[in-house]
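Chemist: the following block contains a protein sequence and its predicted model.
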Amino acid sequence: MEKAKKDSAYRAGAKHITPETRVLGVGSGSTIVYLVHYLRENREKLHPDLVCIPTGFQSRQLLVENGFRVAELDEFPVIDVAIDGADEVDASLNVIKGGGAAHLREKVVASAAKDFIIIADYRKMSEQLGQQWKQGVPIEVIPFALSPVMARLKEMGGAPTLRMAQRKAGPVVTDNGNFVVDVDFGLIADPASLLARTKALAGVVEVGLFCSMARIAYFGMADGSVQIREA
Ligand SMILES: O=C(CO)[C@H](O)[C@H](O)COP(=O)(O)O
């Protein structure tokens, strides 16, 4: 599995991070660690003034520890390329993200990017969302709105669960001070419609459905190959 993650990250890095890439969005998760390894091992191929915009605390730390310059969107509101992991990717390149509770900032960074690329291992590849990722769609909710949002999600046919922290009593609290509700909607026939309906609920800050955003996805496969899906 680690090899598959590394293969996808290195292939995408070699293809999409060129000497012209000045501002790079760097996502979150375990696959992204390999992208930072790629950057570390290929410094001579990078823009001399490369600036990285991390999507959260984890990738920020990782980039700083490896000697890369990190900045905020205030300073660099337009990103050349953003690369991020995924929890599931369907045949049309709709993506579920938020397994690491970072999808709000991940979506902001992806939206600011001229090009958004996904890296993942083969477990994330599916035909329809909900096939592989059984944990549900991550939805970031302000704590004040938790109960009404949970009730509305049930009315919409979902099975919501408040994500609980490990090694801390109580719920997961995001980098933005909010809660995450994982909502099982079964197989998702129309991700864009589900995104619109869930995002419209008062108190929902962001939904971990990324529709019509990714241009290309790289999947590291069990046999050592890398499969590519393009929008
Ligand atoms: O969306 C994310 C975090 O919110 C991650 O990108 C997603 O969970 C994939 O993580 P990993 O690379 O560890 O499988």
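Modeler: Everything's here; your move. Numbering: from 1, shown residues only.

Chemist: tell me what Thr161 is bridged to.
Modeler: Counting by DSSP bridges, Thr161 forms beta bridges with Asp182.

Chemist: what helix or strand is the nearest residue to Gly67 once chain neighbours are set aside on?
Modeler: Spatial nearest neighbour of Gly67, excluding adjacent residues (Cβ to Cβ, 6 or more residues apart in numbering): Arg40 at 7.8 Å. No exception for glycine: its C-beta is placed from N, CA and C like everyone else's. Using DSSP states H and E, Arg40 sits within helix 30-41.

Chemist: so how far is that helix off the chain centroid?
Modeler: Relative to its chain's centre, helix 30-41 lies at 15 Å (Cα atoms, centre = their mean, to the nearest Å).

Chemist: what about Phe116, which helix or strand?
Modeler: Using DSSP H and E, Phe116 sits in strand 113-121.

Chemist: going on from whatever helix or strand Tyr10 lives in, what's the next piece of helix or strand?
Modeler: Tyr10 is part of helix 2-16, with elements assigned from DSSP H and E. Scanning forward in sequence from helix 2-16 by DSSP H and E, the next helix or strand is strand 23-26.

Chemist: what does that following strand rub up against?
Modeler: Residues outside strand 23-26 that contact it (Cβ atoms under 8 Å, 6 or more residues apart in numbering) are 17, 32, 35-36, 50-55, 59, 62-63, 71, 76, 78-84, 109-110, 112-113, 116.

Chemist: drop anything exposed from the residues you listed.
Modeler: 17, 32, 35-36, 50-55, 59, 62-63, 76, 79-84, 109-110, 112-113, 116 (16 or more other Cβ atoms under 10 Å).

Chemist: next step: these restricted to helices.
Modeler: When DSSP state H is applied, the buried ones among the contacts of strand 23-26 are split such that Ile32, Leu35, Val36, Ser59, Leu62, Leu63, Val109, Ala110 fall in helices.

Chemist: skipping adjacent residues, who's closest to Arg69 in space?
Modeler: In space, Arg69 is closest to Val51, 5.2 Å off (Cβ to Cβ, 6+ apart).

Chemist: Asn178 is in contact with Glu140, correct?
Modeler: Yes: counting by Cβ atoms under 8 Å, Glu140 touches Asn178, with 5.0 Å between them.

Chemist: which residues do those two both contact?
Modeler: Counting by Cβ under 8 Å, 6+ apart, the common neighbours of Glu140 and Asn178 are Leu104, Val205.

Chemist: picking up where we left off before, export the strand holding Phe116 as CSV, just CAs?
Modeler: Written as CSV, here are the backbone C-alpha positions of strand 113-121 (Å, rounded to 0.1, in the frame of the first residue of the first chain):
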residue,chain,number,x,y,z
ALA,A,113,-5.7,26.4,-8.0
LYS,A,114,-5.5,26.6,-11.8
ASP,A,115,-4.9,22.9,-11.8
PHE,A,116,-6.1,20.3,-9.2
ILE,A,117,-4.5,16.8,-9.2
ILE,A,118,-5.4,13.8,-7.1
ILE,A,119,-3.0,11.2,-5.9
ALA,A,120,-4.2,7.9,-4.3
ASP,A,121,-3.7,4.2,-3.9
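
Chemist: can you pull out the residues in contact with that strand?
Modeler: With Cβ under 8 Å, 6+ apart as the criterion, strand 113-121 contacts 1, 4-5, 8-9, 12, 16, 25, 31-32, 34-35, 78-86, 89, 93, 95, 110, 213-220.

Chemist: got the residues of the protein near the ligand?
Modeler: Residues of the chain lying close to the ligand (Cβ under 6 Å from any ligand atom) are 27-31, 84-87, 97-103, 106.
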